[in-house]
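K.L.:
Got a sequence here, can you model it:
(2 chains)
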There are 2 protein chains.
Amino acid sequence: MKTCLDCIPCFVKQSLEMARMVFDNERHQKQFVDQIAQLIPSFSLNSTPPEMGRMINQKVAELIGPKDVYKEVKDKSNAMAMAIYPKHKEMVTQAEDPLLMAGEIAIAGNVIDYAAKNTFDIEAEVAKLFRSEFREINKTRFDYPQFKKALLKAKTILYVADNAGEIMFDRVLMEEIPGSVAITCAVRDKAVLNDALIEDAKTCGIDQRAKIISSGSDAPGTLLNLCSKEFLDLFHSADMVISKGQGTYEALDRAKRDIFFLFRAKCPVIAQHAQVRLGDLVLIGNDQSQISNVK
Amino acid sequence: MKTCLDCIPCFVKQSLEMARMVFDNERHQKQFVDQIAQLIPSFSLNSTPPEMGRMINQKVAELIGPKDVYKEVKDKSNAMAMAIYPKHKEMVTQAEDPLLMAGEIAIAGNVIDYAAKNTFDIEAEVAKLFRSEFREINKTRFDYPQFKKALLKAKTILYVADNAGEIMFDRVLMEEIPGSVAITCAVRDKAVLNDALIEDAKTCGIDQRAKIISSGSDAPGTLLNLCSKEFLDLFHSADMVISKGQGTYEALDRAKRDIFFLFRAKCPVIAQHAQVRLGDLVLIGNDQSQISNVK
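P.N.:
All right, here's what the predicted structure looks like:
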């Protein structure tokens, strides 16, 4: 998915949010926003939004070194998600279709997105998603039958995770996948926004069900040209790829292989592109059935 | 009121909206946004938002000449407001307190604000404001008793208008002011956003009740340092000043004279500054009772 003009004010807003996390005083915050503003002319509309997000992140690193700005936010998200985990497991156990419920929980967890929403209460947001009327309404595109079919056929799955905290919701889904299936969970290579790193995956016990790897990409999404050989080999060879989050959808929606994209539509530009409504729980299977075209 | 950091992404968004009105293709729209982005480092947080808005407007004029970009939008707003006018007059006639109703209509008309809201249906927006439950709820600060008292004492009133279309709603209020009171209605000097100009005031028949003048300011607000001597003389000497819109509130909230600010709170930064809720109908009387301090 390409960057559109509407992404530009949003990048400026994100850079302000980041400036407020990094700098104590308004003068320095303004200087940071000024520097991001200077980058705007070099933002190409042919790039994907995660490429632009990466530029902002690199500017932060240039200014303050490789500090993990969102460390505290991520730790808090992990802790909150771990606290809700038993409740989610119970919901799955009691569900008529446990896999469906686990999938919905994993997608609902995508609400933990510091970049798209600054202040939130995870538990309340997630509870809202599970109100009685919700599960039927907010699914304009929800390719669950295809997802289930692909999953039952798969022997190897690459699960591209998104945010810290959210990855604990992903664990609920991973645990509903038959034990005979080998799952590899890919996380970001370096700190970028609140995206999950290897330590977050370990904190959330992902290693109890999946092999954890770094994708090699330090963009807030999964840019294939930045990914490691290990990741790319798996990306091309896995029977099934599950992609979490808007960033990876933006980066991979044109990738030439079947991918299931699971995310909550938090951005109006992405919602329009995906032909869903803002706020939707989204499960899109981009069934290309053209495996021979995989690049 | 000073510009705050949150205004910056909003300026970028406004510049994109303007780019889309001025340029047909995405490449030129992007180039315009790029140029505004280059101005951001020169935006001082000690300036008022209308000063920044003026910079954007000057950049447009520099690029495309003194074209009235919003002419069509303004003509449409005037026409729509004129069509609703008889209904508003009837509402006033039937009201228990006609002046209060006329004031509410004038403030409700401030919903016509292209800069703050891109797509709208004036009549529907205004109708929404007058639903039964509305009139009591959305008034955190509504200094009507002071407003009425000042108005009944005044012999001369300076009425600083805001947007085209909205000025037709202002006419409803002006017509409830006793005929013995001399009203001067000030509009912007040159085209800026959808702000009312002399021709809009004439189109809406303001000259049937008030003398129309230009403020001398071409900012989307009323910056005293840009205003004409005629305006400033009236500003200082009028018994009462009525200021419409957020832009003039931003520009004049610290002015050293009594002013009644009438606007709808459409911007979260202004709402917070004015200590009202977003969406409120606002009537603030900044009673300084220090006329000797007028500068």
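
K.L.:
Tell me the residues on the stretch 1-150 of chain A that lie near chain B, please.
P.N.:
The stretch 1-150 of chain A comes close to chain B at residues A:5-6, A:8-10, A:12-13, A:16, A:19-20, A:26, A:29-30, A:33-34, A:37-38, A:40-41, A:45, as judged by Cβ under 8 Å from any Cβ of the partner chain. C-beta: built from backbone N, CA, C; applies to glycine.

K.L.:
Recalculate using a threshold of 10 Å.
P.N.:
With the criterion set to Cβ under 10 Å from any Cβ of the partner chain, the stretch 1-150 of chain A comes near chain B through A:3-6, A:8-17, A:19-20, A:26-27, A:29-45.

K.L.:
for the helix ranked longest in chain A, which positions count as buried?
P.N.:
Using DSSP state H to define each element, chain A has its longest helix at helix A:71-94. Neighbour-count burial for helix A:71-94, counted by 16 or more other Cβ atoms under 10 Å in any protein chain shown, picks out A:73-74, A:76-78, A:80-81, A:84-85, A:88-89, A:91-92.

K.L.:
of the residues you listed, closest to B:Thr184?
P.N.:
Nearest to B:Thr184 among the buried residues of helix A:71-94 is A:Val73, at 54.3 Å by Cβ to Cβ.

K.L.:
can you give me the helices for the stretch 51-200 of chain A?
P.N.:
With DSSP state H, counting those that start in this stretch as the criterion, the stretch 51-200 of chain A has helices at A:71-94, A:98-108, A:122-129, A:134-137, A:144-153, A:166-174, A:198-203.

K.L.:
Nearest approach to B:Asp113 belongs to which of those helices?
P.N.:
helix A:122-129 (31.3 Å).

K.L.:
Distance to B:Met168 and mean pLDDT added to the helices of the stretch 51-200 of chain A, as TSV?
P.N.:
What follows is these, written out as TSV (distance: least, Cβ to Cβ, whole Å; pLDDT from 0 to 100):
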stretch	distance to B:Met168	mean pLDDT
helix A:71-94	49	92
helix A:98-108	48	94
helix A:122-129	42	72
helix A:134-137	41	63
helix A:144-153	53	96
helix A:166-174	51	97
helix A:198-203	58	98
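
K.L.:
Using TSV, lay out those together with distance to B:Ile284.
P.N.:
Formatted as TSV, the helices of the stretch 51-200 of chain A follow (distance: least, Cβ to Cβ, whole Å):
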stretch	distance to B:Ile284
helix A:71-94	37
helix A:98-108	42
helix A:122-129	34
helix A:134-137	40
helix A:144-153	53
helix A:166-174	44
helix A:198-203	48
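
K.L.:
out of the ones you listed, nearest to B:Lys155?
P.N.:
Ranking these by proximity to B:Lys155 (Cβ to Cβ) places helix A:122-129 first, at 56.3 Å.

K.L.:
Mind giving me the packing neighbours of the closest one?
P.N.:
helix A:71-94, helix A:98-108, helix A:134-137, helix A:166-174 (3 or more Cβ pairs under 10 Å, 6 or more residues apart in numbering or on different chains; DSSP states H and E).

K.L.:
nearest to A:Gly221, of those helices?
P.N.:
Closest of those to A:Gly221 is helix A:166-174, at 14.2 Å (criterion: Cβ to Cβ).

K.L.:
could you give the angle of the closest one to helix A:122-129?
P.N.:
Taking axes from the mean of the first three to the mean of the last three Cα atoms, to 10 degrees, one finds helix A:166-174 and helix A:122-129 inclined to each other by 50 degrees.

K.L.:
Summarise which helices and strands helix A:166-174 is packed against.
P.N.:
Judged by 3+ Cβ pairs under 10 Å, 6+ apart, the packing partners of helix A:166-174 are helix A:71-94, helix A:98-108, helix A:122-129, strand A:156-160, strand A:182-187, helix A:198-203, strand A:240-244, strand A:260-264.

K.L.:
Quick one: work out the angle between it and strand A:240-244.
P.N.:
Counting by the same axes, to 10 degrees, helix A:166-174 lies at 150 degrees to strand A:240-244.

K.L.:
and A:Thr156, how many neighbours?
P.N.:
A:Thr156 is flanked by 14 other residues according to other Cβ atoms under 10 Å in any protein chain shown.

K.L.:
so it makes contact with A:His236?
P.N.:
No - in this structure, A:Thr156 is not within contact of A:His236 by Cβ atoms under 10 Å, at 11.3 Å.

K.L.:
Could you pull up the residues touching A:Arg54?
P.N.:
A:47-48, A:192, A:217-221, A:223, A:226 (Cβ atoms under 10 Å, 6 or more residues apart in numbering or on different chains).

K.L.:
One more pass at 6 Å, please.
P.N.:
Residues near A:Arg54 by Cβ atoms under 6 Å, 6 or more residues apart in numbering or on different chains: A:Ala219.

K.L.:
any idea how far it is from A:Lys190?
P.N.:
Look at A:Arg54 and A:Lys190: by Cβ to Cβ, to the nearest Å, they are 10 Å apart.

K.L.:
Likewise for A:Ile212?
P.N.:
15 Å.

K.L.:
now A:Met168
P.N.:
Distance from A:Met168 to A:Lys190, by Cβ to Cβ: 21 Å.

K.L.:
So for those two, which residue has more residues nearby?
P.N.:
For the pair A:Met168 and A:Lys190, the greater number of neighbours falls to A:Met168 (29 against 15), based on other Cβ under 10 Å.

K.L.:
ok, the more buried one touching A:Ala81?
P.N.:
Yes - shown here, A:Met168 and A:Ala81 form a contact pair, counting by Cβ atoms under 6 Å, at 3.5 Å.

K.L.:
List, one by one, the residues from the stretch 151-295 of chain A near chain B.
P.N.:
Residues of the stretch 151-295 of chain A lying close to chain B by Cβ under 6 Å from any Cβ of the partner chain: none are found.
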